[in-house]
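> The following block contains a protein sequence and its predicted model.
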Amino acid sequence: MVSGRNQNENKRFMDIAICIDNKYVMPCGVLICSICENNIDSGINFHIVSENLLHENKDALKELVDVLNSKGEKVG
């Protein structure tokens, strides 16, 4: 995990890499939600690293990010 300050804002900014497979998609979603809920004053970019992740699992993670962004979280 790398953290720093966003040059455009005076808020903390984090990049977080997560390595997953198709069996870890649901726990990954829980991890992302938990990090967002406990760092509401931070902008966060999640970098998901995976090989052969099913399209339905990619879509589920993208949908989670859309929901979090609609709630005002700064997730990318």
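Noted; the coordinates are in hand. Numbering: from 1, shown residues only.
> C-alpha from now on. contacts and neighbour counts both.
Noted.
> Kindly indicate whether the residue most central in space within the chain is helix, strand or coil.
Centroid check for the chain by C-alpha atoms, centre = their mean gives residue 46 as the closest residue, at 3.8 Å. At residue 46 the chain is in strand, as set by DSSP: H, G, I helix; E, B strand; the rest coil.
> Might you list the low-confidence residue ranges for the chain?
Applying pLDDT under 70 to the chain flags the ranges 1-10, 72-76.
> could you redo the last one with a cut-off of 50?
Low-confidence segments of the chain, defined by pLDDT under 50: 1-6.
> Residue 14: how many residues sit nearby?
Residue 14: 19 surrounding residues under other C-alpha atoms under 10 Å.
> Over to the one 4 residues further on?
For residue 18, the tally of surrounding residues (other C-alpha under 10 Å) stands at 13.
> Would you map the helices across the chain?
Ranges of helices in the chain, per DSSP state H, are 25-37, 55-70.
> could you dump those to CSV with distance to residue 17?
What follows is those, written out as CSV (distance: least, C-alpha to C-alpha, whole Å):
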stretch, distance to residue 17
helix 25-37, 11
helix 55-70, 14
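> Reformat those helices into a markdown table and put mean neighbour count and distance to residue 12 next to each item.
Putting those into a markdown table (neighbours: other C-alpha atoms under 10 Å; distance: least, C-alpha to C-alpha, whole Å) gives the following:
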| stretch | mean neighbour count | distance to residue 12 |
| --- | --- | --- |
| helix 25-37 | 15 | 13 |
| helix 55-70 | 14 | 17 |
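> closest one to residue 11 among those?
helix 25-37 (14.0 Å; C-alpha to C-alpha).
> Next, the residues that contact that closest one from outside, please.
18, 20, 44, 46, 57, 61, 64, 68, 73, 75 (C-alpha atoms under 8 Å, 6 or more residues apart in numbering).
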